[in-house]
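A.B. asks: Return a 3D structure for these sequence lines:
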Amino acid sequence: MRKNRPLERKNPAIYVLPNLFTTANLFCGFYSIIASMKGMYEIAAVAIIVAVVLDSMDGRIARMTHTTSRFGAEYDSLCDLISFGVAPAIMIYNWSLFSFGKWGWVAAFLFVVCGALRLARFNVQTGIIDSKVFNGLPIPGGASVLSTFVLLFYYLGGEGRYPSMPIMMGVIVIAICMVSSFKYYSFKDLNYFSRKPFMTFVMIVLILAVVVAEPQIMFFTFAFGYSLTGPAYALFKLLRKKTGVLKAEHDLQSRNRPL
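C.D. replies: Here you go, the predicted structure:
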């Protein structure tokens with residue numbers, strides 16, 4: 001007679017270092033939510049920016065130390081949804097969209113659900129599309145636009161809450177950009193350890209100096225400018241294609257023209 005043996009449970013081992021950075025990212029997102037609930041919107045925005053920095057580091061550290069794993073990828077996506085989906089949506093709703101009633105929370109929810117769809121699509125397309133580009137605005141990029149705008153508002157002398165219809169429209173546009181097919185540069189092919197021209201180093205130092213001098217303005221400029229690169233590149237490709245078609249038609253008409 002066979003004896004029933006208890007099923008052995010295996011505890012999967014995980015890599016500690018990259019997941020610590022991911023956990024720190026989650027902590028910043030959670031802290032941002034708490035700060036937004038208390039009306040400390042500037043602190044909430046700073047916490048999201050710190051989360052963006054930590055999120056950019058955990059993947060690079062995992063690749064550099066050869067500690068990438070399926071667990072780390074799934075954990076990172078879950079944390080990103082909190083830090084760059086829920087946290088900025090709560091911040092922008094409490095700070096600006098609350099006065100628009102149901103339309104305000106619908107716009108904030110649209111940002112969350114588009115961020116979740118963006119993360120899900122990214123996970124299933126890993127290894128399918130070119131790693132040099134992102135398909136749609138990355139969710140950290142969308143969160144960066146909202147948080148840096150809040151920082152810029154207070155830097156320019158704003159106080160308290162700021163109900164604004166253009167802000168609600170901007171939130172909707174950013175949400176749509178996340179689930180769009182616009183291509184955004186991923187910066188994954190940058191090699192920080194290779195030799196670069198001397199003037200490249202000088203330009204980097206100058207940019208860092210400007211960022212240190214005016215961080216609120218420069219952070220918003222970088223975030224907002226990056227969000228525009230996808231639509232701008234799509235428009236450029238459309239115009240180039242249209243120009244090529246017109247040129248081809250012109251050449252065809254020139255060949256068929258009687259002498």
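A.B. asks: Go ahead and produce PDB holding the CA coordinates of stretch 28-41.
C.D. replies: The C-alpha trace of stretch 28-41 is given here as PDB (Å, rounded to 0.1, in the frame of the first residue of the first chain):
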ATOM      1  CA  CYS A  28       8.600  55.600  -2.900                       C
ATOM      2  CA  GLY A  29       5.300  55.000  -4.700                       C
ATOM      3  CA  PHE A  30       3.500  54.100  -1.500                       C
ATOM      4  CA  TYR A  31       5.000  57.100   0.300                       C
ATOM      5  CA  SER A  32       3.800  59.300  -2.600                       C
ATOM      6  CA  ILE A  33       0.300  58.100  -2.100                       C
ATOM      7  CA  ILE A  34       0.400  58.800   1.700                       C
ATOM      8  CA  ALA A  35       1.800  62.300   0.900                       C
ATOM      9  CA  SER A  36      -0.900  63.000  -1.600                       C
ATOM     10  CA  MET A  37      -3.600  62.000   0.900                       C
ATOM     11  CA  LYS A  38      -2.100  64.500   3.400                       C
ATOM     12  CA  GLY A  39      -2.000  67.300   0.800                       C
ATOM     13  CA  MET A  40       1.800  67.300   0.500                       C
ATOM     14  CA  TYR A  41       1.800  67.200  -3.300                       C
END
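A.B. asks: any residues touching it, and which ones?
C.D. replies: Here stretch 28-41 makes contact (CB atoms under 8 Å, 6 or more residues apart in numbering) with 43-45, 47-48, 50-51, 54, 79, 82-84, 86-88, 90-91, 94-95, 150, 154, 161. All C-beta atoms are positioned from the backbone trio N, CA, C, and that covers glycine.
A.B. asks: same for the helix-or-strand element of the chain with minimal mean pLDDT, what does it pack against?
C.D. replies: The helix or strand of the chain with the poorest confidence is helix 215-256; it has a mean of 84 (mean pLDDT, DSSP states H and E). With contacts defined as 3 or more CB pairs under 8 Å, 6 or more residues apart in numbering; DSSP states H and E, helix 215-256 has these neighbours: helix 139-155, helix 165-178, strand 183-185, helix 198-213.
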